[in-house]
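[1] I would like to see how this sequence folds:
(one chain, ligands or ions: 1)
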Amino acid sequence: MKIIQFQGVIQEELSVQIPNEDIESIQMLNHDQMVAFNTIMHAIDHNHKHSQVFFVDGPDGTGKTFLYRALMATLRNRGKIGLATASSGITATLLSGGITAHSRFNLPYDVQPNSFCDIKKQKDLAKLFRVATAIIWDEAPMTNKYCLEALDRSLRDILDCDALFGGKVMIMGGDFRQVLPLIQKGSKAQLISACIIRSNLWANIKVLHLVQNMRSMNDPEFAQFLMRIGDSVEPTKLNAMVRIPHQIALPWEGEQSIQTLIDHIFPQLNLHGWDASYMVERAIITLTNDDVQKLNDIIINQFSGEEHNLLSFDEVEGDTHNLYQREFLNSIAQGSIPPHILKVKKGAPLMLLRNIDPRYGLCNGTRLLCRGLFKNMLDVKILTGSNAGKRAFLRKQFSVKLSFAITINKSQGRTIPNVRIYLPRHVFSHGQ
Ligand SMILES: Nc1ncnc2c1ncn2[C@@H]1O[C@H](COP(=O)(O)OP(=O)(O)OP(=O)(O)O)[C@@H](O)[C@H]1O
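    Presented below is the predicted three-dimensional model:
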């Protein structure tokens, strides 16, 4: 008998845990999910090395992630390797063994029309692609089409097969109504041209549709309202504004309405410090990082417990000419940088602002609960993703901010049972 021993990345993939809920989800698939599941599994079981590329197209909440988890659990249960990836780290953590597409495929950072991924034919990573049965790429619409084409080119090369993606079963998914590829200072035309739908590969991709909103299942009227907005058929007012039905809107009666909004979403906040399930189930979603800061400041002041002000470094070591003034350093607070004064209390929710260890669930956007804090260390519990419940320690510099309120971008793909929306300005204003 021949015993094959796998090491490194292959062994790592083979030892990914299969969560029970993922196995149970196979029995719970709705009609559209089941059609997609059967179509994909049929392609896997009868892989003829041609045209095995799928795109699961579904508006938010239609159960794309739920479907990927059922597919991965089925494959892994059979001892096969399914590679789970997503365009963003935070979404990758929703899939067991998930990792960003950039890390898994070694995609080039400055991708060009003829780019290849950095995968050496003889190395472990190439072997991993050879033995993998299927590849999932969630949030594919967020990626530049050249990344997709680079992966296609690389897999054909590594696998010595001229079929699409080297004949591998490829399952992409996402929603073109959500965030599209980022082109720094790019025009609308450049952004549209970068979409995967504009790639010459698109014509060969089989699109599978999910339509039933599983997130708002108990509120079909709201689900239809969201669909009409996404499909641009809801009547608009001036500046493409949509009228929110009065039964789900709080009237603006001045600044005190912000407090009303907070009381709605965080009832009896003081009784719920340290309460992970209470915190993970609620958030205020708003536009810019400045709006987030404003709301978080109000809420943390009302949160019980001793306040700790954690300060960033306010001196540049080695700056003998004093070029970087303290006032300037303290004013740096762009989106990905924590504020100079980080006001924290034990038991409050935080959000990580950097990808520290995506495999462990510590990604840009992971929500955490503050268990303990010291001048140079934070003791936290992971609240979201497949690593929820785990404990982690963050050393200075603390890449976190409070997460009572979060931006729309950071809320994408999450299921938060209780949310209130704070829209002080037009959603598509600058700085979003
Ligand atoms: N067949 C199902 N049975 C029960 N619950 C489901 C089913 N499908 C999805 N759900 C639940 O509906 C919610 C939304 O599903 P999911 O996160 O998979 O949607 P999504 O399409 O990935 O959303 P997004 O685009 O926002 O990431 C989740 O809470 C999920 O557990």
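
[2] Every contact and neighbour count from this point should use C-alpha atoms.
    Noted.

[3] which regions of the stretch 251-400 of the chain lie under the pLDDT threshold?
    312-338, 395-399 (pLDDT under 70).

[4] could you pull out the strands for it?
    282-286, 308-311, 341-344, 349-352, 367-374, 377-382, 391-395, 400-402 (DSSP state E, counting those that start in this stretch).

[5] out of those strands, nearest to the ligand?
    For the strands of the stretch 251-400 of the chain, the distance to the ligand is smallest for strand 282-286, at 13.8 Å, taking Cα to the nearest ligand atom.

[6] in that closest one, what's buried?
    Neighbour-count burial for strand 282-286 flags R282, A283, I284, I285, T286 (criterion: 16 or more other Cα atoms under 10 Å).

[7] likewise stretch 207-222?
    Neighbour count says stretch 207-222 has V207, L208, H209, L210, V211, Q212, N213, M214, R215, S216 buried, by 16+ other Cα under 10 Å.

[8] Take those residues and keep only those in strands.
    Using DSSP state E, V207, L208, H209 are the members of the buried residues of stretch 207-222 that sit in strands.

[9] from those residues, which is closest to G61?
    H209 (12.8 Å; Cα to Cα).

[10] Would you format the ones in strands among the buried residues of stretch 207-222 as TSV with pLDDT and distance to the ligand included?
    Converted to TSV, these look like this (pLDDT from 0 to 100; distance: Cα to the nearest ligand atom, whole Å):
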residue	pLDDT	distance to the ligand
V207	95	15
L208	96	13
H209	95	11
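
[11] In contact with the nearest residue to R198 once chain neighbours are set aside, which residues?
    Nearest residue to R198 in three dimensions, chain neighbours excluded: K145, at 7.2 Å (Cα to Cα, 6 or more residues apart in numbering). Applying Cα atoms under 8 Å, 6 or more residues apart in numbering to K145 gives the contacts A194, C195, I196, I197, R198, S199.

[12] redo that, cut-off 7 Å
    Neighbouring residues of K145 by Cα atoms under 7 Å, 6 or more residues apart in numbering: A194, C195, I196, S199.

[13] Roughly how far does it sit from K188?
    15 Å (Cα to Cα, to the nearest Å).

[14] how about the residues of the chain that lie near the ligand?
    Neighbours of the ligand within the chain, by Cα under 6 Å from any ligand atom: 28-30, 58-66, 214-215, 412-415.

[15] Mark which of the residues you listed are buried, thanks.
    Buried among those by 16+ other Cα under 10 Å: 29-30, 58-66, 214-215, 413, 415.

[16] quick one: which of these sit in helices?
    Here DSSP state H is the test, and those give K64, T65, F66 as lying in helices.

[17] Report the separation between the last one and I416.
    What it means is F66. Here F66 is placed at a distance of 15 Å from I416 (Cα to Cα).

[18] Please list all residues in contact with L83.
    A132, A134, I135, I136.

[19] Wait, a strand at it?
    Yes - assigned with DSSP: H, G, I helix; E, B strand; the rest coil, L83 falls within a strand.

[20] got a pLDDT number for it?
    With respect to pLDDT, L83 has a value of 95.

[21] now S115
    89.

[22] Just give the number of residues close to it.
    Summarising burial for S115: neighbours were counted as other Cα atoms under 10 Å, giving 18.

[23] quick one, what contacts it?
    By Cα under 7 Å, 6+ apart, the neighbours of S115 are A150.

[24] and what of the one 10 residues further on?
    For L125, the contacting residues are V9, I119, taking Cα under 7 Å, 6+ apart as the criterion.

[25] and it, helix, strand or coil?
    helix.

[26] roughly how far apart are it and L368?
    Remark: distance between L125 and L368 (Cα to Cα) = 32 Å.

[27] what does I258 give?
    24 Å.

[28] So which of those two has more stuff around it?
    For I258 and L368, the more surrounded residue by other Cα under 10 Å is L368, and the numbers stand at 31 against 16.

[29] Identify the bridge partners of the more buried one.
    Going by DSSP bridges, L368 is paired in beta bridges with L350, I382.

[30] That one is in contact with D379, isn't it?
    No - judged on Cα atoms under 7 Å, L368 makes no contact with D379 at a distance of 9.6 Å.

[31] Quickly list what's touching both of the two.
    Contacts common to L368 and D379, judged by Cα under 7 Å, 6+ apart, are absent.

[32] Just the pLDDT for Q212.
    88.

[33] who touches the residue nearest to it when sequence neighbours are not counted in this structure?
    Once flanking residues are discounted, Q212 sits nearest to T62: 5.4 Å by Cα to Cα, 6+ apart. With contact set as Cα under 7 Å, 6+ apart, T62 has these partners: L210, V211, Q212, N213, M214, R215.

[34] ok, now which ones touch the fourth one?
    Pointing back at N213 there. G61, T62, A223.
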